[in-house]
Each structure stands twice: as structure tokens, then as C-alpha cells.
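Asks: Can you look at this prediction? I've put the sequence above it.
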Amino acid sequence: MAKRKKTGGRQPGSKNKKTLAKKEELEKLFHENGGFKKLFNTIEAIEEPKDKASALVKVMKFFMAEQKAVEHKGDNALGTIVVNFDSTSTMPPITSENDMFDDD
């Protein structure tokens with residue numbers, strides 16, 4: 001017996017309406033409560049350096065593509081190291097803490 005083609009349902013790549021609505025509500029609440037400026041001011045106010053770094057790393061995961069493992073190829077005789085980073089993102093990496101803040 002031949003399989004019948006599936007009909008109906010969401011188009012491939014379309015978003016779930018309930019998930020999209022929840023995300024939009026969270027974004028609205030985030031911006032109504034100070035948005036990024038308040039978030040980074042709150043992180044900046046953390047006194048313990050270890051806790052501040054941990055918070056920044058957790059927040060950065062939402063802004064940067066996660067990097068793949070670093071491949072190390074070296075020539076110990078010459079003391080040279082070649083390091084390659086692979087990423088799935090076209091966004092340039094953040095190279096300093098200042099790149100994370102919007103001056104607007």
C-alpha cells in the first residue's frame with residue numbers, strides 16, 4: 001500500500017503561534033522594566049568578580065553564536081601555534097566588553 005502525502009498543518013519554518021506570543025510578551029516586559037541598560041547596570045553592580053563574570057558569560061550566550069572547539073596544531077620545535085575558530089554565525093565576534101553595550 002502506498003503512503004499518502006501529509007496535508008495541512010504549519011508550513012515548514014513557520015513559528016508556533018503560542019510560543020511566538022510568549023516570546024513577544026517576555027520582550028515587552030523586558031523593555032518595560034529597563035531593557036538592556038538596566039540589565040547591564042545590574043550586572044555591573046555585582047561586587048564579586050567571579051559572579052559578575054559568570055553573569056556576563058550567561059548573557060553573552062544570547063548575543064553571540066557558540067564557538068566550536070578550538071583546534072590546536074603546533075610545531076613545538078619552532079614554538080609556533082596555529083589556532084582556528086569555526087563559527088556558524090556571520091556576526092563578528094565581540095572583542096571587548098565595550099562591544100556589548102549600545103551607546104544609544
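Replies: Looks like it came in fine.
Asks: what about the strands in this protein?
Replies: 71-75, 80-84 (DSSP state E).
Asks: Select from those the stretch with the lowest mean pLDDT.
Replies: Lowest mean pLDDT within these: strand 71-75, a mean of 64.
Asks: lowest-pLDDT helix or strand in the protein?
Replies: Across the helices and strands of the chain, mean pLDDT, DSSP states H and E gives its lowest value to strand 71-75, namely a mean of 64.
Asks: Quick check: which ranges of the chain have low pLDDT?
Replies: Residue ranges of the chain with pLDDT under 70: 1-2, 70-97, 99-104.
Asks: what about the helices in it?
Replies: 17-32, 35-44, 49-60 (DSSP state H).
Asks: buried set for the first one?
Replies: Neighbour-count burial for helix 17-32, with 16 or more other CB atoms under 10 Å as criterion, is recorded at no position. For every residue, glycine as well, the C-beta is placed using N, CA and C.
Asks: The second one now?
Replies: Residues of helix 35-44 classed as buried by neighbour count (16+ other CB under 10 Å): 40, 43.
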